[in-house]
Each structure stands twice: as C-alpha cells, then as structure tokens.
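1. Got a predicted structure here, sequence first:
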Amino acid sequence: MAHEKLVKEGREAINKGVRPAEVQDYFLKKGMDSKEAKEETTKLQASRIVEEAKKAEATKRLSPTAKNNSAAPGKKSSFGFWFIIVLLIAVIIYFFYRGYLSLDMFKNFNFNLK
C-alpha cells in the first residue's frame, strides 16, 4: 500500500470526528486515486463503527447492575393505579362521614332488573 501514512492520518481524523467526505477530499489532494480514496474512506468508516459497537457492548456487559435494578420490560408497576383507587374510596367515605353525601341518593335509582 503506497499511502499508508495518509490512511493512518485519515483514521486519526475520523476518530477525532472529522467527516468522511473531508477525509476523502484530503486523500484526493494528496494524490490518491478517487477509487482508492473512496475505498479507504469506506474502510475507515466501517472500522470506526465496529469500534463503537465493541465499546457499547463492553459498556453494556460491565453494567449488569443497572439492568437488574430496572423493572422488566414487559412488567409494569400498578402501584399508582391502586393508590388512586384507594384515595378515591377514602374521599367518598370521608364525604359520607361529613354528611356531604347520604344513602338517600340511591333511592332515585331503579334497580328493578328483569
């Protein structure tokens, strides 16, 4: 490979966050063929993606405690629902106790079901 130094510089630039199109333009300015520059840029992009995936996987493996602390994906907590239901029942009982509601209101309902 005649442009090993250029490829090394391109790898460092892509790892620093330089856009691949800029690296490819740099390769072309330094005398690399357009086909070869495109191939090298593609290889450098692919190697960076692979490195990022490996880092993400390693991070995922190193933090299993975060996975264990969170609720299971399919299992949701219903604590809030039951808290609201109990709160509503308590308010209704309180209203009966204070006299705001009475059992006489049920006289208006017609419970004759056939």
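-> In hand now; what should we look at? Remember, it's a predicted structure, so these values are computed and weren't measured experimentally.
2. could you check the distance from residue 77 over to residue 32?
-> With distances taken as Cβ to Cβ, to the nearest Å, residue 77 is found 58 Å from residue 32. (Glycine included, C-beta is placed from N, CA and C.)
3. More neighbours: these two, which one.
-> Neighbour totals were compared for residue 77 and residue 32, and residue 32 leads with 21 against 8 (other Cβ atoms under 10 Å).
4. Who are the contact partners of the more buried one?
-> By Cβ atoms under 8 Å, 6 or more residues apart in numbering, the contact list for residue 32 reads 3, 6, 40.
5. Can you give the contact residues for the helix or strand containing residue 94?
-> Residue 94 belongs to helix 79-98 when assigned by DSSP states H and E. In this structure, residues lying in contact with helix 79-98 by Cβ under 8 Å, 6+ apart are 101, 102, 103.
6. What about the nearest residue to the second one once chain neighbours are set aside, how many residues nearby?
-> Right, residue 102. Sequence neighbours aside, residue 96 is the residue nearest to residue 102 in space, at 7.4 Å (criterion: Cβ to Cβ, 6 or more residues apart in numbering). Using other Cβ under 10 Å, residue 96 has 12 neighbouring residues.
7. Same question for residue 27.
-> For residue 27, the neighbour count with other Cβ under 10 Å is 23.
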